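Trainee: Provided below for reference: sequence and predicted model.
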Amino acid sequence: GAGVSQSPSNKVTEKGKDVELRCDPISGHTALYWYRQSLGQGLEFLIYFQGNSAPDKSGLPSDRFSAERTGGSVSTLTIQRTQQEDSAVYLCASSLSTGDTEAFFGQGTRLTVV
Amino acid sequence: GESVGLHLPTLSVQEGDNSIINCAYSNSASDYFIWYKQESGKGPQFIIDIRSNMDKRQGQRVTVLLNKTVKHLSLQIAATQPGDSAVYFCAENGNTGNQFYFGTGTSLTVIP
């Protein structure tokens, strides 16, 4: 596609359930980022993938959060045993390469934990 | 940890006036400083960046100023239009340059 695609756009889940959020980056972009944005807040870095290198997981808030990127393209962010404080918009972005300041963001997945 | 902050959370300007959005940063090691615009319901969109060895960069209707002495960044929008209404985030790329650290954002409202 022309841009970064995220699915689902909205997700409501019960506390304690696991959720998977998907990101399709722009074709050819080697860098992929996940951010979390709580209501009225800035973007909180979660994880970063660059090509075949080990991901930078330094922003993951707990071991309930994990992410993978298969074949250097599609990425999945998994949240296990969801908590109400996990409710936020999860944004994915991609850029051509490491250090490229222009990241292209998807529209995000709005996660609501009830 | 990283710290990028904004002086004002909201800003209202009259259509046609110039807008100035300010940002303070803390990490002197950042190589790039970036401005993003986020419209309601959308992901952030890149506006302009500036390298740390520059103090001014101009784009289309926008100018970014960097003052490393006081660790201050500003975005100037000329002849502000209703379509400029959005939340503006400054960001820096930190020590490694591999990720972006965003501030809380300034909400700009353009009054017709």
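Mentor: Great, that's in hand.

Trainee: mind listing what the residue lying farthest from the centre of chain A touches?
Mentor: Residue farthest from the centre of chain A, counting by CA atoms, centre = their mean, is A:Val114 at 20.4 Å. Residues near A:Val114 by CB atoms under 8 Å, 6 or more residues apart in numbering or on different chains: A:12-15, A:84. For the C-beta atoms, the positions are set from N, CA and C on the backbone; glycine is no exception.

Trainee: farthest-apart pair in the residues you listed, please.
Mentor: By the measure CB to CB, these have their two most distant members at A:Val12 and A:Gln84, which lie 12.0 Å apart.

Trainee: compare these two and say which is more crowded by neighbours.
Mentor: Under the criterion of other CB atoms under 10 Å in any protein chain shown, the comparison of A:Val12 against A:Gln84 puts A:Val12 first, with 12 against 9.

Trainee: list the contacts for the residue lying closest to the more buried one once chain neighbours are set aside?
Mentor: Nearest residue to A:Val12, sequence neighbours excluded (CB to CB, 6 or more residues apart in numbering or on different chains): A:Thr112, at 4.7 Å. Shown in contact with A:Thr112 (CB under 8 Å, 6+ apart): A:10-13, A:87.

Trainee: where along chain A do the strands fall?
Mentor: Taking DSSP state E as the test, the strands found in chain A are A:5-7, A:10-13, A:19-24, A:31-37, A:43-50, A:65-69, A:75-79, A:88-95, A:104-105, A:109-113.

Trainee: let's have those strands in JSON lines, adding mean pLDDT.
Mentor: Listed next are the strands of chain A as JSON lines, based on pLDDT from 0 to 100:
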{"stretch": "strand A:5-7", "mean pLDDT": "97"}
{"stretch": "strand A:10-13", "mean pLDDT": "98"}
{"stretch": "strand A:19-24", "mean pLDDT": "98"}
{"stretch": "strand A:31-37", "mean pLDDT": "95"}
{"stretch": "strand A:43-50", "mean pLDDT": "92"}
{"stretch": "strand A:65-69", "mean pLDDT": "96"}
{"stretch": "strand A:75-79", "mean pLDDT": "98"}
{"stretch": "strand A:88-95", "mean pLDDT": "96"}
{"stretch": "strand A:104-105", "mean pLDDT": "96"}
{"stretch": "strand A:109-113", "mean pLDDT": "98"}
